[in-house]
Every structure is written in structure tokens, then in C-alpha cells.
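Q: Okay, here's the prediction I keep looking at, along with the sequence it came from:
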Amino acid sequence: MDDGKHGELIELRIENVAQIFHTLDPFPFRERDLDREAEEFIVGWARELPAGCAIRIVVHLPEAEAKTRAAGELSEALRRYFSDRATAVQSEIKELFRIGRRSLWIGISILVACLVAAHLAAGYLIESPFRRLVEESFLILGWVANWRPIEIFLYDWLPLVRKRDLYRRLAAAKLNLKPYTAPKPFDL
């Protein structure tokens, strides 16, 4: 849903602001974690939105709830939460690349050792199918030892970068509160 002026829209309807946050989190309101279902809903919708557009979150809530202190702090709470999530994912990316570099050095060392062993096997064993088997086995082992670092540097980092960027977009999202009048209960 694009309104054309303010970015892509994510809408929530809640009865009270506390619904959005994890109820057992002991931190002050603005530092609480989002409820898992609320986060999945917001992040799920945000994933569907075009990557280059700004995000706007509209929270529909009762008029009385919109006037509370918690409602006034909601924008800051969401910004802080998604900023913290982006920082955590950035740390995962750094750790992944650290593991990748270490794995690459190990893999290259094993590859060099296997290439030397394959060359020695070719020079010392008599011409036979067994010699070819030993030689090829060393070559395969050397390349398999590099599988993980290659996988890290070619593929594993990209989903994390996308997740980090999504959290950054959500941290920068504009939040609007839309109060509504709660229906009165029926008298029986």
C-alpha cells in the first residue's frame, strides 16, 4: 500500500500499546523487546515492500490509549528496538566474515598440503588405478576443505545484509498514531 507521498505503509490495530511489547521484559518501556508476533507481523510486511522506499507505520488504537505516555514513546521504542536488531545483525556479519577468513586460511593450508601430497603420490606410486585414486582423493579433500569459506564469502553474508538493511529501514520508519473511538459495550 503506497500512499505516494510518505512511503510504503504498514498498519497495525491494537487495543493498548503494551500488546506490541514482550510482557515479561523487565526493562523500561522504551527499551523493551517487541512481542515475537508483533515483530513477525511488522518485519513480514516490511519484507514485502520495495527496498528503495521509505516505510511508514500507522498504529490504530483507542483514543484514550493514544493519549497515554506509552503511546507517546512508541515511536522511540520502535526506533530503538529495530536499531538494536540492526546492530546485532551487523555483529553477526562481522563474526561470519571473521570465521570465513579463519576458515579460508585453514582451507588454503589444507589445499596446499593436499596438492603437495597428490604430487608426491603421483611421483612415488607406480602407475595404477590406485595411484590415480590417491591423487584424486587428495585433490578432492583440498577443495572440500575450502567449501565453507567459499560458501561464506559467496552466499551466507547476503541474507544477513538484507536483514540488517531491513531493520535499519524499520528503525528509520515514521510512526503515526491513528486514534479511533472504541465501541461502547452493549447493555443486556
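A: Received, thanks.
Q: for the most centrally placed residue in the chain, helix, strand, or coil?
A: Central residue of the chain (C-alpha atoms, centre = their mean): K163, 3.3 Å from the mean position. When classified by DSSP: H, G, I helix; E, B strand; the rest coil, K163 comes out as helix.
Q: Looking at this protein, which residue reaches furthest from the middle?
A: I126 (54.3 Å).
Q: That one should be in a helix, yeah?
A: No. Per three-state DSSP, I126 lies outside any helix segment and is coil.
Q: which ones are touching the nearest residue to L34 once chain neighbours are set aside?
A: In this structure, L34 finds its nearest non-sequential neighbour in Y81, 5.5 Å apart by C-beta to C-beta, 6 or more residues apart in numbering. Placement of C-beta: from N, CA and C, glycine included. Residues counted as contacts of Y81 (C-beta atoms under 8 Å, 6 or more residues apart in numbering) are 32-34, 171.
Q: go on, Y180?
A: 60-63.
Q: Kindly report the same for A173.
A: A173 is in contact with 7, 10, 54-57, 78-79, 82, counting by C-beta under 8 Å, 6+ apart.
Q: cutoff 7 Å now
A: 55-57 (C-beta atoms under 7 Å, 6 or more residues apart in numbering).
Q: Out of these, name the ones that lie in strands.
A: If you go by DSSP state E, the contacts of A173 have 55-57 in strands.
Q: one step back: what pLDDT does the residue nearest to the centre of the chain get?
A: Listed pLDDT for K163 reads 96.
Q: ok, now P179?
A: For P179, pLDDT reads 91.
Q: Could you do L24 as well?
A: We note a pLDDT of 61 for L24 in this prediction.
Q: K5 now?
A: Looking at K5, its pLDDT reads 53.
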